[in-house]
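K.L.:
predicted model, plus sequence, below.
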Amino acid sequence: MRVALKDELLDAQLLRTLGAAAAGGADIGECLATAARLDGTDPDRWYREWTALAERVLAATERDLDDGNRVSAQGGFLRAANYFRTAGVMLIGAPLDQRLVESNRRHTDMFRRGASLLPTPPETLAIPYETTTLPGYFFRSHATNRPAPTVILTGGYDGSAEELYFLTGAAALARGYNVLAFDGPGQGAALLQQGLVLRPDWENVIGPVVDHLSARTDVDPARIALIGLSLGAHLAPRAASGEHRLAACIADCGSFDLFASALSRMPKPLRDGFAVGRPLPTALLRRILDMLASKPTAGWALRRGQLVHGVDSPLAYLQALRDYTLAGRAEQITCPTFVCHAEGDDIGDSAPQLAAALRCPHQLVTFTAAEGAGDHCESGARSLYHSRSFAWLDPILRPTPPNDDRNRQGPVASLCAEDQEIDP
């Protein structure tokens, strides 16, 4: 779905930002006016224009706050947060650009200022993880402290915990779920502020997150689901294959095998030779990738992959993808699983392969271009995605919407009401 820009990648990033409008993360007019000032494929121009928009929104927001207009200030801070993220996204790559580090810092700061003005502000988390911590947020669905079902949100290569609030968190809260959004190794602030790079065994990342939730009195440990977005739709099933405390898993447009997906885009002679380690095809591929990585948008994914995986060349990034496969892992998932497939998304075109490999109860849903949902992670139709995915998840985790009458009957009545069976 083309929105306003000629370059496919930049236009997809524009659509991604526009998709946050429903949750207060963007204003469509502000975004389109900014897009009108963009031309070509210059990442620096992209950074300057989106940063300028974020600064203008922030200046107006500060005036709103000074005047006591808290609702307007809340919205302004949240939009500015997402615009700072958008500004930095085209700078993601190796070597690390300090403008990216700064845009991430401001993205986080603006989000926290805006979230602090929500009716129920989130807790800012530092989740114990190996010898350090992972940054995140816990949003409580209800004012009471009663145990509630909870969704863990995990993102992809170039997202953040803060963006996950716009893309899924707000919709989950409205339906009665607690929400924990976090940055794992290789993501958001964990990568850019802490230097933690990606790892394939995501069960060892989600385990500490589940430990944290299971210790809370406002979480029902038997009703925890994991929702993965983009690369997170590969990482979430991987986590569910080894972390069996999860009650459900949603994979929103991820790849079944990242290395196989990369190989499928190569000419067959080059692909076959490289796959078995022949020197000549490997050397040729190295030269091609190095040349491609220098291009502003065509090489963006390669530069991003180097940074996220912590490797020193595009070829090393490609080699690192060998560890990112669900072959032999998908069969180990025991919880019900929902798999999304957007028909125009080449990143997640192997989603049906995941569904075919599952032995647990599962559902594969294809989102189409005709309904405006054929792009990666249904970025232009998140409301439709939420409608379908939560219609599947609700009968499993049985949330109580915040405005449900059961929330006004006292904790005993609410809990009794939740014990009733719900027909999906």
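P.N.:
That came through, no problem.

K.L.:
list the contacts of the residue lying closest to residue 242 once chain neighbours are set aside.
P.N.:
Among residues not flanking residue 242 along the chain, residue 203 sits closest, at 3.2 Å (CB to CB, 6 or more residues apart in numbering). For every residue, glycine as well, the C-beta is placed using N, CA and C. Residue 203 makes contacts with 238-243, as judged by CB atoms under 8 Å, 6 or more residues apart in numbering.

K.L.:
do residue 145 as well
P.N.:
Here residue 145 is in contact with 217-218 (CB under 8 Å, 6+ apart).

K.L.:
how near is it to residue 174?
P.N.:
Using CB to CB, to the nearest Å, residue 145 is found at 20 Å from residue 174.

K.L.:
rewinding a little: among the contacts of residue 203, find me the one that's closest to residue 367.
P.N.:
Set against residue 367, the nearest of these by CB to CB is residue 240 (21.4 Å).

K.L.:
which residues of the stretch 201-350 of the chain fall in strands?
P.N.:
Applying DSSP state E, counting those that start in this stretch to the stretch 201-350 of the chain gives strands spanning 219-229, 248-252, 337-342.

K.L.:
which among these is found nearest to residue 211?
P.N.:
strand 219-229 (9.9 Å).

K.L.:
how far off centre is the longest helix seen in the chain?
P.N.:
In the chain, taking DSSP state H as the definition, the longest helix is helix 43-66. Averaging C-alpha positions (CA atoms, centre = their mean, to the nearest Å) puts helix 43-66 23 Å from its chain's average.

K.L.:
same for it, what does it pack against?
P.N.:
helix 28-35, helix 70-89, helix 98-115 (3 or more CB pairs under 8 Å, 6 or more residues apart in numbering; DSSP states H and E).

K.L.:
let's see that with 7 Å instead.
P.N.:
Under the contact criterion of 3 or more CB pairs under 7 Å, 6 or more residues apart in numbering; DSSP states H and E, helix 43-66 touches helix 28-35, helix 70-89.

K.L.:
could I get the average pLDDT for that helix?
P.N.:
Mean per-residue pLDDT for helix 43-66: 98.

K.L.:
okay, buried residues for that helix please.
P.N.:
Going by neighbour count (16 or more other CB atoms under 10 Å), the buried part of helix 43-66 is 43, 46-47, 49-51, 53-54, 57-58, 61, 64-65.

K.L.:
how far away is the residue nearest the centre of the chain from residue 85?
P.N.:
Centre of the chain computed as the mean C-alpha position; nearest residue by CA atoms, centre = their mean is residue 155, 2.7 Å away. As judged by CB to CB, residue 155 and residue 85 stand 11 Å apart.

K.L.:
who touches both of these two?
P.N.:
residue 163 (CB atoms under 7 Å, 6 or more residues apart in numbering).

K.L.:
circling back: in the contacts of residue 203, which residue is surrounded by the most others?
P.N.:
For the contacts of residue 203, the largest number of neighbours (other CB atoms under 10 Å) sits with residue 240, at 31 neighbours.

K.L.:
for it, give me its contacts.
P.N.:
Per CB under 7 Å, 6+ apart, neighbours of residue 240: 226, 246, 249, 333, 335, 337.

K.L.:
one more time with 10 Å
P.N.:
For residue 240, the contact set (CB atoms under 10 Å, 6 or more residues apart in numbering) comprises 202-203, 206, 225-226, 228, 246, 248-251, 329-330, 332-337, 358, 360.

K.L.:
likewise residue 27?
P.N.:
18, 21, 33, 53, 57, 75-76, 79, 82-83.

K.L.:
need the helices for the stretch 251-400 of the chain, in chain order.
P.N.:
Along the stretch 251-400 of the chain, the segments classed as helices by DSSP state H, counting those that start in this stretch run 258-264, 268-275, 279-293, 300-309, 314-320, 351-357, 382-397.

K.L.:
Throw the ones you listed into a markdown table and include distance to residue 198, mean pLDDT and mean neighbour count, thanks.
P.N.:
Shown next, in a markdown table, are the helices of the stretch 251-400 of the chain (distance: least, CB to CB, whole Å; pLDDT from 0 to 100; neighbours: other CB atoms under 10 Å):
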| stretch | distance to residue 198 | mean pLDDT | mean neighbour count |
| --- | --- | --- | --- |
| helix 258-264 | 11 | 95 | 18 |
| helix 268-275 | 22 | 92 | 15 |
| helix 279-293 | 18 | 96 | 15 |
| helix 300-309 | 5 | 98 | 22 |
| helix 314-320 | 8 | 97 | 20 |
| helix 351-357 | 19 | 97 | 19 |
| helix 382-397 | 25 | 98 | 18 |
